[in-house]
Structures are given as C-alpha cells and as structure tokens.
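Q: sequence and predicted structure below; questions after.
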2 protein chains.
Amino acid sequence: MVKHSPGEKIQITTKEGEVFEGIFIPSTDKNTFIIKLDNGYNIGIDIKKIKSTKRISAGKKLNVFPSLNIKQSEGLPSVSVIATGGTISSRVDYSTGGVTRLMEPGQIFSLAPEISKIVKIRKIEKPFMIASENMDPDHWVKIAEETAKLLNSDDRGVLITHGTDTLHYTAAALSFMLKNLNKPVVLTYSQRSTDRGSTDTALNLKCSMHALLSDVAEVMLVGHAEASDSFCYGLRGTKARKMHTSMRNTFRPVNDKPLIKINGEGNISFISHNYNKRKDAEKVEVDTAFEKKIALVKYYPGADPCILDYYIGKKYRGIIIEATGLGHVATDNAKKSWLPAIKKAVKKGILICAVPQTLYGTLDPLVYDEGRKALEAGLLYLKDILPEVAYVKIGWVLGHTKNFEKAKEMMLMNYAHEFNDRITPDMFLF
Amino acid sequence: MVKHSPGEKIQITTKEGEVFEGIFIPSTDKNTFIIKLDNGYNIGIDIKKIKSTKRISAGKKLNVFPSLNIKQSEGLPSVSVIATGGTISSRVDYSTGGVTRLMEPGQIFSLAPEISKIVKIRKIEKPFMIASENMDPDHWVKIAEETAKLLNSDDRGVLITHGTDTLHYTAAALSFMLKNLNKPVVLTYSQRSTDRGSTDTALNLKCSMHALLSDVAEVMLVGHAEASDSFCYGLRGTKARKMHTSMRNTFRPVNDKPLIKINGEGNISFISHNYNKRKDAEKVEVDTAFEKKIALVKYYPGADPCILDYYIGKKYRGIIIEATGLGHVATDNAKKSWLPAIKKAVKKGILICAVPQTLYGTLDPLVYDEGRKALEAGLLYLKDILPEVAYVKIGWVLGHTKNFEKAKEMMLMNYAHEFNDRITPDMFLF
C-alpha cells in the first residue's frame, strides 16, 4: 500500500468495491485508516478491508486558525475571553497532525467578523487548552479565578470558550464559586467544527457577545436553541445539561426554562425574570474551596451496595446517588438493600444524597414507604437538582465545612437557582 | 399531643400557624408526622414544628382494592396478566397500614370497567409483589419464564403490571430474553395512584389491552403519551426510559419514535412499521442466561479510574461506562486518565463498553483524538444504546459466552432494535 502523509487528499477502494475520498488523518491505531470526508465527518476503515489507496492531491496547508487583521474599535464595550480548549478554540492542522490554538482576537473575528462591531476584545486568557473530558475540579478553580480577575476590571462581561462534553459541569462549578456575581459570565462552544458547513461557531459567538452586554449577571451557557441556525438560548449554569452527542441544540434546560433568547443581531427577549441584575460597580468574590473526595453513583437493579463501602473505605466525604423514580434504592431485597450501607456511611459522617435519575421532575421521599425508609436511613433528598450539578455542589459544600449538619443544611440551600420550586409541565423535554 | 390512628382524618396546626388537613398515615420515622392531603399528595411535618393536632373524623375503611363482579364474556379474546407490584397493582389500606394486592380479574375491571368488553382475563400470575426499585436480574428471569408460559397458550398476548421506577430495565430484559416472540408483551403502570383524581391507571390499562390484540409481536411499554389523559404510546422495550419523576407521560422514546399510538377506544395508528408481526401459531423461547457480575459506571470530571480496578478486583466480567459527548473519558490528565485502567481490564478479558451519557444521539470515537485513543485502549463503542439497556444487554450477553471476542461481537449485534441506524432530529426530546 502507498504511504500517505497527513493532509493529502486520497481515494480508498475497499475489497468490497466501495470508494471513499477524503483528507488522510494520522491515526493512533495502526490497523485503522482514517479520512475526513467532504461533509466534515471522519471515517475509519479497517486496514484489512482496503484493496488500494491513491493520492488525489498533495497535502495543502489547511489554514487552520486564520486571523482577521481588524483594528479594534476603541468606542465599543470591552469584554475578555478565557479560551480553555475544545472544538471552538483549537483546530487540527491535517498537514502536520498538530493542533493550533485560539490565541488572539483576530482569530475570533475570523470566526464571526460581525463581532468586531459588537465588542472590543481586551484580553484572551489561556490558562490551559484541553478537551473538556480531561477537565477536573482543579481546572474549574483555575477558570473561576481567571474569571473573577477579568470581571473586576472595566470589562462588561467574560466569555469562556469550552469543549462541550463537560461544559455543563464547569458552568455549575462557576455558579457556586463566583459569589456576588456582578456581570454576565457566558460559556460557549462549537458542537460542529468550523470547517464543516453545519458549524455552529459563528452564531454561538455572536449571541454570546450580545449576552455579555446584557443586564443578566448570571453564569449562562449560550448556544443554539434549535436544530437550525436560527437563534440561541442563554441557559442557567445550574439547570442545563448536554443532552445529545452531536446536535447543535444539545444543551437543554432541565426543570427550568431558558433565561433569555438571543439572535445574531442582538435582540434579546427574556423568558425568565428570575435573575440577578448587573451591578458593574461591585466586585465579584471568588470562593473555590473544594473537596475532591466525592463521587457520583448510579443506582440500578442488581447494583451492589458494596460500592458505598468502597468509597467509605477510601475516606470519601460525600456521595451523590442517582436514585430511581421519586428517590428510591433497593430497600427490602435482603442481599441487595442499600439501606445498611447508607446508614453505615451516615454514621461515619459521610454525606449521602439522592438525585433524580430521570433528570426531569423532583424527588419526594414521602409518597412511598420505600422512600420513607431511605429518608430515615439518612439519605438526603436533593429535590430537582441535576446529578451533575449535585456532584459539583457537594464538592463545593464539603470544601466549606467539616460539620455534617452544616453540610446537610448547605446542600439544601438554594445558592445558584440549582433548585426550582416552580417546575411546570412545559419544562419537561424543553 | 393526641394519639391518632392510621386512616383518621386529622387537622394539624404548626407553631408557625399553618393548618393542614388530611388522612393520618403510619410513618416509619418517629420524628415525622405524615398525612395524605385531599389532592393525593403526602406531606411530612417535623413533629417539633407541630403545635396541636385534632381528629376531624374517625378512620373509615378506605376500600382499597374493590372488585367488580362481572361475568367474563367467553366470546372475547383471551389475555393473561402478570402482576409484579408497584402502584398499579397494590393499594395501601390506611385504616390498617397494610397493603392489599391485585389478585383477581374483577379488581382489574374495577380499575377500568370497559376492559371487560375488550378481553377475557384468563389468568393473573403473581410471581412476587414488590416495588420495582427492589427488582434485580433474578426477577427479570422469573417474569420472562412466566411470560413465555402464558404466551405459549391460546392467549392473544400478555400484560405485565409493574412499578414505574425500573420498568424500562425489565422491558429491556424481556426484549433480550424472549426469543422468536410470537405475540404482544405489554408492560404498563400507574404513575399516579388510583385514589387520585389525576390517576393514569384506567387509560393505561385500556390502551394496553388494545395493544395486546394488535399485530405487534414486540415487548412494548404502554402508557400516557401526553401530560393530559388523551391517548397512549406503545414504546419499544429497548428504546424507552423513565424521564420524569411524577408526570404521567414519563416514559419517552430515546433515539427512536413510538411504535404505535393507541386511544382508549382501541384506535391504533402505526408510527413505525419496523416491528415483528404476530405469529400466533409459533412458540416463543425463553433464553434467560444472565451474568450478574456486571456494573454501570458514570464518568465525570474528577472521576477516579480506580473504580475500574475495584470491579476488576471483584472479578466483574463486564462494565458499561456512561461516557461524555461522542464517547469520551479522561485520556491525558496524568493522574486521572482512564486509559490504563481500561487497558488493564481488557487484558484480563473484562468487557468494557461506552454508552452516551447524553442519552440522545450516537457515539463516534473517530471524530476526536481522545476517542481514537480510547478505542485503541479497547473501549467498545455501543453507538446509540441507552445506558440502562446496555447494562441489561451485557449481563445477557455474558450469560451466553465466556469468549471475549464472541461477547464483543454479540454486544454489537442488533438483537432487539437496541441500536437505531436511522436516528432523525425529531427523535431528540420526543
């Protein structure tokens, strides 16, 4: 077989007679040939199934992170950006296999030139550049610190570009870690990379910049509201979740509605009026104490309660259980009841909380006898909170107190609208 | 404080001056007073907050599982029922604190008298009566065996009444365990108990009976399609999930559409035509071999990969990982990369599979470098399968083979439409 270089356009013929054309991409698996098709998708082909390959054209330098040389207008409101990685702020250079990064305002303008007429980008901070599945609580702390520093300047708001996979976890972390938030903090993303016709980058960036100039001093996720390229929602940082692996409108509100609807021209309509207002003159405080000995555990039929003993043994301090229905775990199945393990953990001062595995709706331990037994065993019911948000919250709460009763009380406090007392039927599958 | 008996109507006045009226319910927690309000909801009040209570009326025997004495019409098609517990087939008698169970056809007719004009109920089997959060794989096996026995009779189909919490897990188990399915198998439920005005029991039962007489020889969940009491859907057993803690239309299709739409009068419209047709003359086979050394693990930022080592140590044979986005786990965060643990497990012949944490959409390990690394480490990508269904499937697959390569192959086979190659945007948040 001909040897190809990354970036070359090649044609592959399989033993079954199929023909594929695309850009050759370096693969870490020597048994698989990967090419990027014209539609932007990558496919992998088992090397054993390939009959022949040929070069169609030499590797051209796919310029990778173009930069528009625009002189920034001093009269525009100033914002800053924190680039953390993800599809939106990194680009693979197929000619080298390397990755180039978002480094300067001109690159953001090249993604959506209209932005240069909306804001002046004062600073781009790059504390790290990673795919968001590689983030952990230390990264959240770093982002919170950088955000607070930028907010306590003349900027109108701070934009964080982020991979989609764990963006909602980061949004929740910032919601707890930024106290007395004075200005909008917007997280945005690309679900489809900018070299694809269906990219969502430009609209998401434009809407994000408009959201930064709004009155909403909340941590918000801004991105596509619909499958089409129509407009964006601004979602509350504690009430949103990535719900689809590939669709552009992947981030959805759960047990809540969006805060705002924004279009590319900057028209903002308010869906909720329950938000904190901008107070530019005040300072945000950063409060990042975080306990990392925490876990998120899903309950399912046949699940062995020994998993709780495992975490007790590892000196974990808090566990979130994704319970079934209104907040249930096995209670009377002799070998598999979770109640003894819950009681044991609680006795040792470990905080054990239930969240809804259904995602939508709120827990209620009082409806069935099984719930009342679990409540009595010491399981703390976290109402309608999202599992991912509860995981972040328990780390933050346990970072702030060693006192078990105080921690329980804090878990039930509504710090950042993570609980919604007014869930309506139209919030289901919004 | 006055001593009350279960079933009495009482009035509670709190120290803050609130007044509640309802039926006194026995509580397992001596510090909490529980009453059932007129709207059907239970509330619990901390005994320390209560100023006084008084009896409004004596406990009347709330007749609990009434039975209609209807002579069954011999001319109607015959079906059988397996009652497993849950709200639909058990009722708390507040006058005694005891639970009564669905035992005879007259009780089903009393829930929805129209049913006596649709079908003749030949048998009601009661292999066990438990809340569905107490089920485990042994219960699935028992239900599958009972179902097969009933299907291989003159019955037109089999109805299974079941608690809602884990109904979708049982539906998936039956989808794999019943081979060459000859007739409809319908699982139904009550999300709101029959003593509430908003109960869903009657419509769900009527629609289920009509579904049993249909041409669809599939395992289906039948229940409310909408928040209102309008009509039901029949959902595929491998593509449905409980998505809301309390709404009646809680079961939703994920990466699929409903198979059928049914109303209370028995009008059925087909949404999908991709189903197996009734073949009354054939026999169903029951194939319940199941490996219980399996686990479902969620990946999240900061998740310690040692959890895999824990299961390796306990000699587990299969693990489903709820991965982020297109199928990612930490790959380059030095301390927290999951790749070494995955490699180690795979080397020991443990099957490690990825499923989408987003629930909606399909995995694709080839889009990003992180996915390609995980694929190379041996992570098996289970496309668009639901996490709960993947958990059931891996148990069933490993019950059938000790051979690692064969198990991988079986995990990727489409046995019961658990994979959908034709996902369309309108299947998102259906």
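A: Looks like it arrived, so ask away.
Q: is it true that A:Ser52 touches A:Thr14?
A: No - at 9.1 Å, A:Ser52 does not count as touching A:Thr14 under the criterion of Cβ atoms under 8 Å. In short, each C-beta sits where N, CA and C put it, glycine included.
Q: between those two, who's got more neighbours?
A: Between A:Ser52 and A:Thr14, A:Thr14 has the larger neighbour count (other Cβ atoms under 10 Å in any protein chain shown), namely 15 against 11.
Q: give me phi/psi at the more buried one?
A: Main-chain torsions, A:Thr14, degrees, to the nearest 10: phi -90, psi 170.
Q: what is the neighbour count of A:Lys49?
A: 12.
Q: surely it and A:Lys15 touch.
A: Yes - with contact defined as Cβ under 8 Å, A:Lys49 reaches A:Lys15; the gap is 5.7 Å.
Q: now the helices for the stretch 151-300 of chain A?
A: A:167-177, A:201-212 (DSSP state H, counting those that start in this stretch).
Q: now for the last one, which elements pack on it?
A: On a contact count with 3 or more Cβ pairs under 8 Å, 6 or more residues apart in numbering or on different chains; DSSP states H and E, helix A:201-212 meets helix A:105-111, strand A:158-161, strand A:185-188, strand A:219-224, strand A:232-236, strand A:260-262.
Q: same list (the helices of the stretch 151-300 of chain A) but as CSV, adding mean pLDDT.
A: Putting the helices of the stretch 151-300 of chain A into CSV (pLDDT from 0 to 100) gives the following:
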stretch, mean pLDDT
helix A:167-177, 98
helix A:201-212, 97
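Q: highest mean neighbour count out of those helices?
A: helix A:167-177 (a mean of 28; mean count of other Cβ atoms under 10 Å in any protein chain shown).
Q: who's in contact with the residue of the stretch 251-400 of chain A found nearest chain B?
A: Residue nearest to chain B within the stretch 251-400 of chain A: A:Gly361 (3.1 Å; Cβ to the nearest Cβ). Contact partners of A:Gly361, counting by Cβ atoms under 8 Å, 6 or more residues apart in numbering or on different chains, are A:255, A:384, A:423, A:428, B:244-247, B:250.
Q: which single one of those is nearest to A:Ser57?
A: A:Phe428 (51.1 Å; Cβ to Cβ).
Q: B:His244 is in contact with the closest one, correct?
A: Yes - at 5.6 Å, A:Phe428 counts as touching B:His244 under the criterion of Cβ under 8 Å.
Q: what is A:Met220 paired to in the beta sheet?
A: A:Met220 has these beta-bridge partners by DSSP bridges: A:Val186, A:Arg236.
Q: where in chain A is the helix or strand with the lowest mean pLDDT?
A: Ranked by mean pLDDT, DSSP states H and E, the weakest helix or strand in chain A is strand A:98-101, scoring a mean of 67.
Q: grab the nearest non-local neighbour of the residue of the stretch 251-400 of chain A closest to chain B.
A: B:Thr245 (3.1 Å; Cβ to Cβ, 6 or more residues apart in numbering or on different chains).
Q: what about that neighbour, how many residues nearby?
A: Neighbour tally, B:Thr245, other Cβ under 10 Å: 28.
Q: so who does it touch?
A: So B:Thr245 contacts A:325-327, A:356, A:358, A:360-364 (Cβ under 8 Å, 6+ apart).
Q: quick one: pLDDT of A:Ser95?
A: In this prediction, A:Ser95 carries a pLDDT score of 55.
Q: repeat for A:Ala58
A: 82.
Q: okay, the nearest residue in space to it that is not next to it in sequence: pLDDT?
A: Closest residue in space to A:Ala58, ignoring its immediate chain neighbours: A:Glu8 at 6.2 Å, by Cβ to Cβ, 6+ apart. Per-residue confidence at A:Glu8 stands at 85 (pLDDT).
Q: against A:Asp195, how distant is A:Glu8?
A: For A:Glu8, the distance to A:Asp195 equals 16 Å [Cβ to Cβ, to the nearest Å].
Q: so the two - more neighbours on which side?
A: Using other Cβ under 10 Å, the more surrounded residue of A:Glu8 and A:Asp195 is A:Glu8, with 20 against 15.
Q: backbone phi and psi for that one, please?
A: phi -70, psi 140.
Q: distance of the residue nearest in space to the middle of chain A from chain B?
A: Nearest to the geometric centre of chain A sits A:Leu167, at 1.3 Å (Cα atoms, centre = their mean). As judged by Cβ to the nearest Cβ, to the nearest Å, A:Leu167 and chain B stand 10 Å apart.
Q: from what I see, that residue and A:Gly237 are in contact.
A: No - A:Leu167 is beyond contact range of A:Gly237, at 9.8 Å (criterion: Cβ under 8 Å).
Q: now the closest residue to A:Gly327 other than its chain neighbours. Its backbone dihedrals?
A: Once flanking residues are discounted, A:Gly327 sits nearest to A:Leu363: 3.8 Å by Cβ to Cβ, 6+ apart. Dihedral angles of A:Leu363 (phi, psi; degrees, to the nearest 10) stand at phi -80, psi 150.
Q: likewise for A:Ile342?
A: The phi/psi pair for A:Ile342 (degrees, to the nearest 10) is phi -60, psi -50.
Q: show me what contacts it?
A: Counted by Cβ under 8 Å, 6+ apart, A:Ile342 has contacts A:305, A:308, A:329, A:352, A:374, A:377-379.
Q: before we move on, back to that, just the buried ones from the contacts of B:Thr245, in PyMOL syntax?
A: Written as a PyMOL command, the selection of buried residues from the contacts of B:Thr245, which uses 16 or more other Cβ atoms under 10 Å in any protein chain shown, is:
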select buried, chain A and resi 325+326+327+356+358+360+361+362+363+364
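Q: so can I have JSON lines of the contacts of B:Thr245 showing pLDDT and secondary structure?
A: Rendered in JSON lines, the data for the contacts of B:Thr245 read as follows (pLDDT from 0 to 100; DSSP: H, G, I helix; E, B strand; the rest coil):
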{"residue": "A:Gly325", "pLDDT": "97", "secondary structure": "coil"}
{"residue": "A:Leu326", "pLDDT": "96", "secondary structure": "coil"}
{"residue": "A:Gly327", "pLDDT": "97", "secondary structure": "coil"}
{"residue": "A:Pro356", "pLDDT": "98", "secondary structure": "strand"}
{"residue": "A:Thr358", "pLDDT": "98", "secondary structure": "coil"}
{"residue": "A:Tyr360", "pLDDT": "98", "secondary structure": "strand"}
{"residue": "A:Gly361", "pLDDT": "98", "secondary structure": "coil"}
{"residue": "A:Thr362", "pLDDT": "98", "secondary structure": "coil"}
{"residue": "A:Leu363", "pLDDT": "97", "secondary structure": "coil"}
{"residue": "A:Asp364", "pLDDT": "94", "secondary structure": "coil"}
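Q: A:Glu145: which of the contacts of B:Thr245 is nearest?
A: A:Pro356 (32.1 Å).
Q: quick check: beta-bridge partners of that closest one?
A: Where A:Pro356 sits in a bridge, its partners, by DSSP bridges, are A:Ala323.
Q: excluding covalently adjacent residues, which one is nearest to A:Leu37?
A: A:Gly22 (4.6 Å).
Q: so the one you found sits in a strand?
A: Yes - under DSSP: H, G, I helix; E, B strand; the rest coil, A:Gly22 falls within a strand.
Q: excluding covalently adjacent residues, which one is nearest to whichever residue of the stretch 1-150 of chain A sits closest to chain B?
A: Nearest residue of the stretch 1-150 of chain A to chain B: A:Glu133, at 3.8 Å (Cβ to the nearest Cβ). Of all residues not flanking A:Glu133 in the chain, B:His328 sits nearest, at 3.8 Å (Cβ to Cβ, 6+ apart).
Q: re the thing from before, figure out which of the helices of the stretch 151-300 of chain A is closest to A:Leu102.
A: Among the helices of the stretch 151-300 of chain A, helix A:201-212 comes nearest to A:Leu102, with 10.9 Å by Cβ to Cβ.
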